[in-house]
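# test case, fold it:
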Amino acid sequence: MDELDTALLRMLQNDARRTNRDMAAELGIAPSTCLERIRGLRDRGVIRGYRAEVDLQAIDRSTQAIISIKLRPQAMAVATAFQDYVMQLPQTLDMFMVSGASDFLAHVAVKDTQALRDLVLALAKRQEIADIRSSVVFEHHRRTTIMPLAAADQVSRSGGGAASGTP
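Predicted coordinates:
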């Protein structure tokens, strides 16, 4: 990705409804160039789609939680089936397969703590769950613009310091 691709990516993440003509004018490029660059970002899989951001409180789902889940047995078929099940639940926002004490973290949004309790109890009845714990989310901040990391921003694979070799 070059500077132009990066600028277009930033613009679209900040407002995906901006017109091609508006972005081209701001960047000082031809609209056809802008359109081709955006197509290229989509074709390469950098841009995977466009979505509307929903205010959870406005749809009566203001209580968010992270549910930590440990499965048994430790088998990929069990994990895949469980992940598919949780992802089809309307309360689920995100699902993460993780390492450590838990196998999965599910980010959910429900009406209130009673609805959260009901969801956790329903999940706990599943035979593949060895342990389940929930943490209520008091605040949630999401980064809306995600850009490629410059070499200086990346952590070295060998020593944990910056890529330049300085700690």
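# and Arg133, which of the three is it?
The three-state label given to Arg133 by DSSP: H, G, I helix; E, B strand; the rest coil is strand.
# distance of it from Arg143?
26 Å (C-beta to C-beta, to the nearest Å). Bear in mind the C-beta positions are built from the backbone N, C-alpha and C, glycine included.
# how much space separates Met147 from Gln64?
Distance, Met147 to Gln64, using C-beta to C-beta: 26 Å.
# likewise Arg44?
Distance from Arg44 to Gln64, by C-beta to C-beta: 33 Å.
# okay, the two: which has more neighbours?
Gln64 (19 against 10; other C-beta atoms under 10 Å).
# name the element that one belongs to?
Following DSSP states H and E, one finds Gln64 within strand 63-71.
# just give the number of residues close to Met1.
Quick note: Met1 (other C-beta under 10 Å) scores 14 neighbours.
# now it: closest residue in space that isn't a chain neighbour?
Pro148 (5.7 Å; C-beta to C-beta, 6 or more residues apart in numbering).
# quick check: the one you found touching Thr6?
Yes - under the criterion of C-beta atoms under 8 Å, Pro148 makes contact with Thr6 at 6.8 Å.
# and Ala130, what element?
Per DSSP H and E, Ala130 falls inside strand 129-137.
# give the residue farthest from the middle of this protein.
Ala30 (32.7 Å; C-alpha atoms, centre = their mean).
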